[in-house]
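Novice: I would like the atomic coordinates for the input below:
(one chain, ligands or ions: 1)
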Amino acid sequence: MIQPKKSLGQNFLRDPNTIRKIAASLDAKSGDAVVEIGPGTGAMTSELLATHPKMVALEVDQRAVAHLNEELPDLDVRHQDVLTADWYAVSEELGGSLHVIGNLPYYITSPILFSLVDARDVVAEVVVMMQLEVAQRIVAQPRTKAYGILSVVFQRYCDVKLLFKVSPHVFFPQPDVTSAVVRLRFKADAPPPSPGEDLFRQVVRGAFGQRRKTLRNSLRSAFPSLDDLPEEWAKRRAEELTPDEFARLSRYLGDVLER
Ligand code: SAM
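Specialist: The predicted structure follows:
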């Protein structure tokens, strides 16, 4: 068994109860398309493999891949940077909507989750461990400090739930932060990727880019060709708008900016 090194900057799960609890949070049935991100030395993988023998694991560390090939010869582990994963191709190969699970490398939590949101028409569900602070931003409600880009974007496309917190003690090496497991269930009626949805993302980024300013000011800086906003929006601030209101605002901007 290779011992994870502190220099990897990753935290490996060491508590069988926590591992079982995370694996059991995935709704996937046997035969569903399951992908594990960053299996490492396989702490959660053996648990998953028992129910999902066709699962795929994506791991960037060649030593971990070699270790898994030896310890779990039936596992389809791929030496790959998850940020280069083509989720559409993986879904086609596995023959179904993806159920994605992992104890994420925390420094790339957001890009990984955004890549999954961008492939939302082939992703059913995501159960991942991340830093508690990021989890709280994902599930935050309007008019709170934690409410921001992550809350609006993920809540537009997914039902989000912070399932449970995880103490630093169950990891080796122990991280400095508390962690949390979050489930994102993609809504069946989530709008698929389109230019309108790209604009939605730009509007959310523009509005939160200067979150203390009114939308009139923040969006005029983000969209220099914008003359003004109707009174309904002009004096409000980004943190007051629900994801649905952002969608309505971005449809309005799509109309006026096109002219
Ligand atoms: N799942 C294991 C566990 O819980 O013990 C390991 C979790 S550790 C936090 C994150 C894992 O993700 C490490 O094995 C690391 O090598 C892997 N990893 C880091 N960056 C990655 C990337 N860009 N693509 C794929 N795997 C990555």
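Novice: I'd say residue 25 and residue 125 touch.
Specialist: No. If you go by CB atoms under 8 Å, residue 25 and residue 125 don't touch, sitting 9.5 Å apart. C-beta coordinates here come from the backbone N, C-alpha and C atoms, glycine included.
Novice: Mutual contacts of the two, please.
Specialist: Applying CB atoms under 8 Å, 6 or more residues apart in numbering, one finds that residue 25 and residue 125 are jointly contacted by residue 183.
Novice: the more surrounded of the two?
Specialist: residue 125 (22 against 17; other CB atoms under 10 Å).
Novice: Now do the SS call for that one.
Specialist: strand (DSSP: H, G, I helix; E, B strand; the rest coil).
Novice: Backbone dihedrals for the one residue in the chain that gets nearest to the ligand, please?
Specialist: Nearest residue of the chain to the ligand (CB to the nearest ligand atom) works out as residue 38 at 2.2 Å. With angles defined as degrees, to the nearest 10, residue 38 sits at phi 60, psi 60.
Novice: how deep is residue 95 tucked in, by neighbour count?
Specialist: Residue 95: 10 neighbours (other CB under 10 Å).
Novice: repeat for residue 118
Specialist: Applying other CB under 10 Å, I find that residue 118 has 16 neighbouring residues.
Novice: Might one say that residue 234 is in contact with residue 228?
Specialist: Yes. With contact defined as CB under 8 Å, residue 234 reaches residue 228; the gap is 6.9 Å.
Novice: what touches both of the two?
Specialist: residue 216.
Novice: The two - which one has more neighbours?
Specialist: Comparing residue 234 with residue 228 by other CB under 10 Å, the one with more neighbours is residue 234, at 14 against 11.
Novice: Relative to residue 227, how far out is the more buried one?
Specialist: 11 Å (CB to CB, to the nearest Å).
Novice: Over to residue 124?
Specialist: For residue 124, the distance to residue 227 - CB to CB - is 42 Å.
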